[in-house]
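In: 3D model of this:
(one chain, ligands or ions: 1)
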Amino acid sequence: MITLEHVSKTYRLPDGQLEAVKDVSLHVEKGTVHGIIGASGAGKSTLLRMMNALELPDHGKITVIGRELTTLPEAELRKLRQSIGMIFQQFHLLNNRTVSGNVSVPLELAGAARRERAERVRECLRFVGLPDKAKQYPSALSGGQKQRVAIARALANRPDVLLCDEPTSALDPRTTAEILEVLMHIRDTLGVTIVIVTHEMEVVKSICDTVSVMENGKLSDTFRMQQRRGAADMSAFTMSYREQLLGETEGRHD
Ligand SMILES: Nc1ncnc2c1ncn2[C@@H]1O[C@H](COP(=O)(O)OP(=O)(O)OP(=O)(O)O)[C@@H](O)[C@H]1O
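Out: Down below sits the predicted model:
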C-alpha cells in the first residue's frame, strides 16, 4: 500500500543543510497500522509528510496506493491526496467553522454536492461518536473531541490511507486510549492503512501491527508486534525500542 525505496530528504538552512531522512526503505501492508517511533528530531514527521508529498524527497521513490508520488503531476497529486487523510497533534481545526463545517471542508474541496456533503458529514460524525456536536465550534470541545472531529474530517473522502502525526501527544492517557480505539475501529471496519508517528511506547504497544524505529534520519529497525514475548527485566535506558516493545531482539522484518 505504501512503499518507500531509498528515500532521502535534506533541508537547506541559511547556515548549511540538514539531512533529515537518510536512505530509508520501508513497506507498509494494506489494512495494517504501522508505527514510526524515535527520539525528537529523528526525522519521523518528515518521513510521514513525504507519504502524501507535503514534503518531496531529494532522492528515492515513494509509491502510495499504486501511484508513484514523486513523479505525479500536481493535479493528479491533489486528487490522490483525497485518498490520504492526515491528522496532527494540534488538530488543525478551523476555529471559525462549526464541527460540521470542519468535516465538510475536504468534501467542498473535492466538489461534492451540498446534500451529499451533509449526509457524509453526519455519517463521519456518527462514526467518531460526536453526532450531537455538529453545530458546536471547536473552542467548545475538549482535546479528545477535537481530535475526533479531525479524524472525521480525515475520513470524509473515504481515504485508503490515514497518516497520523503524534495524534495523542496532546491528550491525557484516558483520552489517548479512546482515540486509539477510534483508530483501531477505522482499521478493522474500513480497512484503512494507518501510519502513526509517535514517541509514546504505549501507543505502539496498543495498536501497531508493525513498527519502524528511526534514529538520526535512518530506520534502525523494523519489526512486527505479534513477535511480542514476555517483558524483559531491563532498564528502559539500556534497552532498544525493540526490546522494550517485544522483550526480545530477534525477528527483523523488512
Ligand atoms: N521545514 C524544515 N526546514 C528545516 N529543517 C527542518 C524542517 N522540518 C524539520 N526540520 C529538521 O529536520 C529534522 C527532523 O525533523 P522532524 O520533525 O522530521 O523530526 P521528528 O522525529 O518528527 O521530531 P519531533 O518528534 O520533535 O517532531 C530536525 O532536525 C528538524 O529541525
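In: for Leu18, which non-adjacent residue is closest in space?
Out: Tyr11 (4.7 Å; CB to CB, 6 or more residues apart in numbering). C-beta: built from backbone N, CA, C; applies to glycine.
In: could you do Gly144 as well?
Out: Using CB to CB, 6+ apart and skipping the chain neighbours, the partner closest in space to Gly144 is Thr175 (3.7 Å).
In: where does that neighbour land on pLDDT?
Out: On the pLDDT scale, Thr175 is placed at 94.
In: touching the strand or helix carrying it from outside, list them.
Out: According to DSSP states H and E, Thr175 maps onto helix 173-185. Contacts to helix 173-185, defined as CB atoms under 8 Å, 6 or more residues apart in numbering, come from residues 33, 127-129, 142-144, 147-148, 151, 162, 164, 167-168, 171, 194, 196, 200, 202-203, 206-207.
In: quick one: buried ones out of those residues?
Out: Using 16 or more other CB atoms under 10 Å as the burial test, the contacts of helix 173-185 include 33, 127-128, 143-144, 147-148, 151, 162, 164, 167-168, 171, 194, 196, 200, 203, 206-207 as buried.
In: which members of the residues you listed occur in strands, if any?
Out: Residues from the buried ones among the contacts of helix 173-185 lying in strands, with DSSP state E as the criterion: Val33, Leu162, Cys164, Ile194, Ile196.
In: tell me the contacts of the residue of the stretch 101-250 of the chain found nearest the ligand?
Out: Proximity of the stretch 101-250 of the chain to the ligand (CB to the nearest ligand atom) peaks at His199, 5.6 Å away. Listed by CB under 8 Å, 6+ apart, the contact partners of His199 are Ile37, Gly38, Ala39, Ser40, Lys44, Glu166, Ser169.
In: quick one, strands of the chain?
Out: Under DSSP E, the chain gives strands at 2-13, 16-28, 33-38, 59-64, 67-68, 84-88, 161-165, 193-198, 210-215, 218-224.
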